[in-house]
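Engineer: Predicted model follows, preceded by the sequence.
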Amino acid sequence: MAKNLTEDNIFFLTSAFARKLGNQADKLLETVGLSSSHALLLHLVNKNPGIQPSQLAKMLHLKPSTITRLVQKLERRELIEKQSEGRATKIVCTNEGQTTAKNIEQKWERLIQQVREVLGERYVDVLSEMISNALDTVKENGY
């Protein structure tokens, strides 16, 4: 018997899983008024003051143009600001951004704990490592 297109289909399965987790993250973060992408970027800027947009793109596996849009929204909300140093642009959190980033960190920790309770600690660790390795591998191979 032939399998249907959703069984063992890495494209469908990863998208479905990402949507499920993304919806949970967005629901938890709606009190902050940021999407999960904006929240992660703000968190990274808070943990890495003076980070460059290219570094954020690499860390978040996003295109530089996407980082630019995310940064612009956070700038409009006065959560981060860009600082120019010669030709380099560095990003730092404002005071309000630091406060929001701490709030986000607590929410992320709660969300990750919820997923660990549902899937199990070991499963989440292994799955996270496998996905991270897969992302690195496809990037290295230009896929």
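Structural biologist: Noted; the coordinates are in hand.

Engineer: Show me where this protein has its helices.
Structural biologist: 10-29, 36-47, 53-60, 64-76, 95-119, 121-140 (DSSP state H).

Engineer: Relative to residue 87, which of those is closest?
Structural biologist: In terms of C-beta to C-beta, the element of these nearest to residue 87 is helix 53-60, at 12.0 Å. Any C-beta I mention is one placed from the backbone N, CA and C, and that applies to glycine too.

Engineer: Contacts for that closest one next, please.
Structural biologist: When contacts are defined by C-beta atoms under 8 Å, 6 or more residues apart in numbering, helix 53-60 is touched by residues 37, 40-41, 44-45, 48, 62-64, 66-68, 71, 89, 91.

Engineer: Please save the CA atoms from it in CSV.
Structural biologist: Provided in CSV are the C-alpha atoms of helix 53-60 (Å, rounded to 0.1, in the frame of the first residue of the first chain):
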residue,chain,number,x,y,z
PRO,A,53,22.9,42.3,12.0
SER,A,54,24.9,39.7,10.1
GLN,A,55,25.6,37.8,13.3
LEU,A,56,21.9,37.8,14.1
ALA,A,57,21.0,36.5,10.7
LYS,A,58,23.4,33.6,11.2
MET,A,59,22.2,32.8,14.7
LEU,A,60,18.5,32.9,13.6
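
Engineer: of all the contacts of helix 53-60, which comes closest to residue 122?
Structural biologist: Set against residue 122, the nearest of those by C-beta to C-beta is residue 40 (24.0 Å).

Engineer: The closest one: how many residues sit nearby?
Structural biologist: Neighbours of residue 40 under the rule other C-beta atoms under 10 Å: 20.

Engineer: what comes up buried for stretch 84-98?
Structural biologist: 90, 91, 92, 93, 97, 98 (16 or more other C-beta atoms under 10 Å).

Engineer: swap in stretch 63-72?
Structural biologist: 67, 70, 71.

Engineer: Thank you kindly, that will do.
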